[in-house]
Each structure stands twice: as structure tokens, then as C-alpha cells.
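Novice: turn this into a model:
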Amino acid sequence: MMSFAPSTPDWQWFGSLSDEQLAKYVKSNPDITWLQTANNWIKRSSCNKSKSYNLPPQHYVPVLTTNGTDGQLGFLTVDEKKTYGKTILNEHCEFASHAYDAAKVVFDLFRPLQHHLGDPDVTIYLDPNGGGTSLSLPAMIASLQRLTGICLPNTIVSTGCLTNEKLTPVNPDTLSLKIEAAKRFGYKTLIVVTEQTGIPQECGMEIIQVDSDPLIAILQLINSKLTGVIKKDRHLARLLFSADRLRQLKDNEIKDNEIKYNEIIEPFCNSDSLLVRSVANDILLRNALHQGKTIEADQYRQKIGQFSWSDIPNDYLGHYLRYERFAATSILEIDLGIWDDEHKTHQEVNKRLEHLQNTIRNGYADRNDYFGALALANARALRKCFLARHEQNFNLLESAWKDFIFLLGDWEEIFQYARQRIDKTSTPERQRNYCLECLMDYWKINKCLPKWEKVDEFRDRCETIRFNKNNNNTTYDKIAELNYCVIEKQLPSENNLKQQFIEKCDSLDVTKYPNWILYENILRFEIGNAQQRQHCLEKLTEALPELSANNTSIFILLALRTWQILIDNGIQVKQPLAPSKETQLRAIYDELISVPETLIIRCPY
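Specialist: Numbering: from 1, shown residues only. This is a model prediction of the structure:
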């Protein structure tokens, strides 16, 4: 006679069964997964060590709980719902919402690149007397397993809480019970959150700690030491790319964490997957560029593979790899002093930008095409600006202006989409700053604005992209605001100059780009009073030795400009060390130094 079991977990019913009744139900209901799983872990917990029993399926992630006196083992799974919204996950599990919230952290990390990704569907197989907030870390692991195909060895178990968007250790009073339960079930390795206390000495398990920042913890969890083979390399590449975008939003928090973050990404640079390897190296290339480490960035660039169209996913990441990443490699060449249009990297930018521009003109472009065209046009325009300054070529400067304002009428839609894509580097403020710098290059020579196309339209646009008067702007914004004041002949008062500009810069590390340029511009445009200008000279004098320390990147040319400004103001300081011979930076350095009266105006940035 068949004995039918509930199709969903019913722990009160399960706990009322005798061993004989349980065996009968298990035999009669082979398709009731929760019942088969519960039976497996009951057998495993009481098994003779000489016997082996089947473990639950691989996608069941183990959970350690306590009932106050004993440690217990449960499992949870995470799948994807095709509809949005939170549902009751397990009416017998009081703490199910903690697992859901943690799973959603991981799902939300993937969603910017997978817009149709549903919400997590969490199922918990757990004794009703157990449970707790420590379900969070296992739920994150189960979500990663679902979305990337990572496969943790069946000797690993985890415990950790999620509190106020941070991973936190579990109650140390319960940890020894959980460790004893884990060992009883045959687990060898326990993953906990950093600063976990209460771990018994010689506990008999390997203890691995993950960071309290969920973003870094997720990257640590997919480290090959823990996960072995990653089955879904495209999902992993998306995860790395999306994690890097989210990291940029945490700039203030991550500065002290930069080394740790790079160390976590580094192992993926040698992945067997061309896609994963290229995304990881591209991330570290851009990080190195941002820090002025040009040689290091070039080393990462050389590891990025060559893709065929079939290698690239048909999504936002794929579009980035086809188009926008060439903007970053072009900036790298620019920082190496290679500004000539004939260089192969710049030719790639030209070719891909022309393709996107034709797509836009013919009406076939989607939002990613507009976004890619903007990134490529900005990279090309920046290179033209550098070359125009160096050669004092106003036709080339006008050509750069046309690239900068190519999509002027579409800025609102493009930058709104950038926010959806978690792209902090693409904002209306940054585009405004580019354009103002280009106009300023013309003004520095001619002391008037050019009669180029759309200059007046752009000036009107500046009225809508207001400068933040609450002193929350970046240094880039403050430099652009000072440019705007000069161009529009609205120079700040001495008091405003002190409060809005000088004090802003004084609060920052003057040796970090672009902070010292604000002091330079106050001197070059003769803004403020003599005392304020003297203050700027003292700050630049203090910063020059540090600015001159790195002669392998384009920053050495900026240090040379700072040196010349100080010399012109009667301050004798040591000339920055020249770059290595037979480099393009050295050729530019020697050419600039040979004509000191034009050195300042011809320098990049």
C-alpha cells in the first residue's frame, strides 16, 4: 500500500514519524525531494563511520544551526523566480527572511547585466527548532552556485549573518556546538566571517574567513581554492564586471581596500576561460591607470585576449568588450605619450567609433550603441586635445570639440542609462568637464571663446548641469568650475575662492591627481589675492618631490609643468627626473624642456 508524504516540508509531521514509518514513506515517495534529503542527513548524522551514505544533491547547501543544546544540520537551495516579490519561503522556519535577504544581495549584483533576472526563490530544509540569522552566508553561497555554476566540495560548510548590508560573525556561544555538528556530519572546512570569535583551539576543522563587505566576500567565495571548476564562465565574467562597477560606487570605502581587492581579482587573470581572463585583466588595467601606474596597466593590457564575435556574450558585457574597452586601452597609449592617429590602438577606436556613428545615423542603434559611441568619442577627443596643445593646432582642437559634443542632444538619456548600468564614470558632470577643458584650451591662447558649432548650446546646457555649491564636488568638478568662471568672466571673490576652492583642495592629498592642478590654475589665471597665490605656490613646492617620483607615466610631464610654474614665480626647485631614453614620454619631455616659454601651455591634462 502506498504511503503519500506532503509535497512541501512539514517538519511537525516529519518529527512524529517512527523509524519504520519514515522508511516506508521514503520508499513510497522517491520524487519528494525534501523528504529524501531529510532522510539522508538523518542517516548521515547517526551513521557508522565505516559505512557511506548518499549526500543530498550538489545544489543543496548545508546550514549549521542549534536548538540550544545541540548543533544541527539543515540544507537550503536557491533558484530563480520569474516573478518579482518576496513570498513566504517556509512557514515552519522563522528565520527564512534572512536567507532571502542574503540571496537577494547576490541576485542584485547580477541584475545590472541580466535585466530579466527574477528574484531568488529560497527553500529551506531545517528542523523547526533550529535556525537563525546565520543562514545568510550559506544563502549567498547557494545563490552563487545557482548563478555561476560554482561547485563547492561536499566537505565545506559555512555560517555567517547579514546585518545592515554587512556580513557579521555568528554568536560565539553557539559556534562550538555548530563545529561539533559539522564534524559529526563529516565536514572538514568551515567558512566564517572575519573577526569571528569563539572558535575552539584545535577544533579539528580548517577555518576560512571571508570579508565583512559582501562584495569582497562574494569574490573570495568564488576563488578557485574553494570552488574548483566554474561551469558557467560567462556568468562569472558578468559577476566580476558587475562587482567592479559596484566597487566604483564605494570609492570612499574602498581606498583602504584597494590592495585587497586587486589581490582577489588577480587569480582570475590566469583563468582558463578567455572571457574571464580578459575581464579580470581589463579591470586591473583600469585600476592601474586610475592610480597612474602606466607600466603595470600595460602589462595587464597584454594579457587581454583576442575575441571572435562568437566568444562574446550578446549583452552589456559583450558590448563593452566589443567597443568600450578600446577606449581604456586608447587612454593607456595616451598616457604612454603615444598620441599619433596612426597607432593601431587609436585606429581601432576610429574604426569602431565610425561603425557606431553610422549605426546611430541610420536609426538602428540601441542604448548600448549610444553609450559605446560616447566612450570611444571621448577617448579620441582627449587624445586630439593633447596633440592639439602640443602642436598648438586649433583645427585639431576643433575636431576634438566635435567628438565631445557629438551626442550633445542625447546626454540625458545616455547618462540615465549609465546610472542603470552602475557606471559611475559616465555622468553629465564629467562630460561637461571635458567640454569646458577643451574650450579652455582655446581660451588660454586667444582669451576668447571659439566660434565652433554648438558652443552656445553647450553654454546653455552648463546652466542646467549646475555646480554643487555645498562643496560636495570632486576636484575635477572644482577645476571645471574655475574654468567656467574664467570663460564666462565671473571670477569668484577672494572669500569664495578660499571657501569653495582653496579649502577644498587643502583638505585633500595634494600629491594625488588632479588635486594639485587646482592650485596651478589659480596661479595661471592670476585669481585671488597675493596671499592666496603664495599659499598655492607653497603647496606646489611641497608636492613637487612626490609628483616627480614616478617618471614612467604621463604624470612626469605634469610634474614638469608644476616645476616650470614654480620657476616662473622665482622658486628654485629641482627639475623632475626625465623618463627613460627611447620612450615616447622622453621625446615629449625633451621637446617641452627645450622651449620653456611654451612648456606650460603645451603640457597634457
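
Novice: residue nearest the centroid of this protein?
Specialist: For the chain, the residue nearest the mean C-alpha position is Asp244 (1.9 Å; C-alpha atoms, centre = their mean).

Novice: return the residues in contact with that one.
Specialist: By C-beta atoms under 8 Å, 6 or more residues apart in numbering, Asp244 lies in contact with 265, 283. C-betas here are computed from N, CA, C, even on glycine.

Novice: let me know the helix or strand that it is in.
Specialist: Using DSSP states H and E, Asp244 falls within helix 233-249.

Novice: do the same with Ala328
Specialist: Following DSSP H and E, one finds Ala328 within helix 325-335.

Novice: what lies in contact with that helix?
Specialist: 282, 285-286, 289, 294, 297-298, 301, 304, 343, 345-346, 348-349, 352, 375-376, 378-380, 382-383, 386, 553-554, 604.

Novice: for that helix, what is the distance to the chain centroid?
Specialist: Helix 325-335 has its C-alpha centroid displaced from the chain centroid by 18 Å (C-alpha atoms, centre = their mean, to the nearest Å).

Novice: quick one, which of the contacts of helix 325-335 are buried?
Specialist: Neighbour-count burial (16 or more other C-beta atoms under 10 Å) is assigned, among those, to 282, 285-286, 289, 294, 297-298, 301, 304, 343, 345-346, 349, 352, 375-376, 378-380, 382-383, 386, 553-554, 604.

Novice: which stretches of the stretch 351-500 of the chain form helices?
Specialist: Here the stretch 351-500 of the chain has its helices, by DSSP state H, counting those that start in this stretch, at 367-391, 394-404, 411-420, 428-446, 455-464, 475-487, 494-496.

Novice: looking at the ones you listed, which one is packed in the most?
Specialist: Stretch with highest mean neighbour count among the helices of the stretch 351-500 of the chain: helix 367-391 (a mean of 22; mean count of other C-beta atoms under 10 Å).

Novice: now do it: which elements does it pack against?
Specialist: Counting contacts by 3 or more C-beta pairs under 8 Å, 6 or more residues apart in numbering; DSSP states H and E, helix 367-391 is packed against helix 316-319, helix 325-335, helix 344-361, helix 394-404, helix 411-420, helix 428-446, helix 596-602.

Novice: mind putting those helices in JSON lines, distance to Asn483 and mean pLDDT included?
Specialist: As requested, those are exported to JSON lines (distance: least, C-beta to C-beta, whole Å; pLDDT from 0 to 100):
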{"stretch": "helix 316-319", "distance to Asn483": "32", "mean pLDDT": "84"}
{"stretch": "helix 325-335", "distance to Asn483": "21", "mean pLDDT": "93"}
{"stretch": "helix 344-361", "distance to Asn483": "26", "mean pLDDT": "95"}
{"stretch": "helix 394-404", "distance to Asn483": "14", "mean pLDDT": "96"}
{"stretch": "helix 411-420", "distance to Asn483": "19", "mean pLDDT": "87"}
{"stretch": "helix 428-446", "distance to Asn483": "5", "mean pLDDT": "93"}
{"stretch": "helix 596-602", "distance to Asn483": "15", "mean pLDDT": "95"}
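
Novice: for the residue nearest to Leu408 when sequence neighbours are not counted, phi and psi?
Specialist: Residue nearest to Leu408 in three dimensions, not counting chain neighbours: Lys454, with 5.9 Å by C-beta to C-beta, 6 or more residues apart in numbering. In terms of degrees, to the nearest 10, the main-chain angles of Lys454 are phi 60, psi 20.

Novice: how close does Lys454 get to Ala480?
Specialist: Distance of Lys454 to Ala480, computed by C-beta to C-beta, to the nearest Å: 18 Å.

Novice: kindly report the same for Glu354.
Specialist: Distance of Glu354 to Ala480, computed by C-beta to C-beta: 29 Å.

Novice: same check, this time on Lys166
Specialist: When distance is defined by C-beta to C-beta, Lys166 is 35 Å away from Ala480.

Novice: quick one: Arg419 from Thr474, how far?
Specialist: Distance from Arg419 to Thr474, by C-beta to C-beta: 17 Å.

Novice: still on that earlier bit, now the helices and strands packed on helix 367-391 in JSON lines, with distance to Asp568?
Specialist: Shown next, in JSON lines, are the helices and strands packed on helix 367-391 (distance: least, C-beta to C-beta, whole Å):
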{"stretch": "helix 316-319", "distance to Asp568": "47"}
{"stretch": "helix 325-335", "distance to Asp568": "26"}
{"stretch": "helix 344-361", "distance to Asp568": "33"}
{"stretch": "helix 394-404", "distance to Asp568": "24"}
{"stretch": "helix 411-420", "distance to Asp568": "38"}
{"stretch": "helix 428-446", "distance to Asp568": "15"}
{"stretch": "helix 596-602", "distance to Asp568": "8"}
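
Novice: which stretch among the ones you listed approaches Ser212 most closely?
Specialist: Nearest to Ser212, of all the helices and strands packed on helix 367-391, is helix 411-420, at 26.8 Å by C-beta to C-beta.

Novice: and that closest one, what does it pack against?
Specialist: Here helix 411-420 touches helix 367-391, helix 428-446, going by 3+ C-beta pairs under 8 Å, 6+ apart.

Novice: format those helices as JSON lines; extra columns: distance to Phe268.
Specialist: As requested, the helices and strands packed on helix 411-420 are arranged in JSON lines below (distance: least, C-beta to C-beta, whole Å):
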{"stretch": "helix 367-391", "distance to Phe268": "23"}
{"stretch": "helix 428-446", "distance to Phe268": "28"}
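
Novice: of all the ones you listed, which one is nearest Thr77?
Specialist: When these are ranked by proximity to Thr77 (C-beta to C-beta), helix 367-391 comes first, at 34.0 Å.

Novice: run a quick neighbour tally on the residue lying closest to Asn223 once chain neighbours are set aside.
Specialist: Once flanking residues are discounted, Asn223 sits nearest to Pro267: 6.4 Å by C-beta to C-beta, 6+ apart. For Pro267, the neighbour count with other C-beta atoms under 10 Å is 14.

Novice: swap in Gln248?
Specialist: Using other C-beta under 10 Å, Gln248 is surrounded by 15 other residues.
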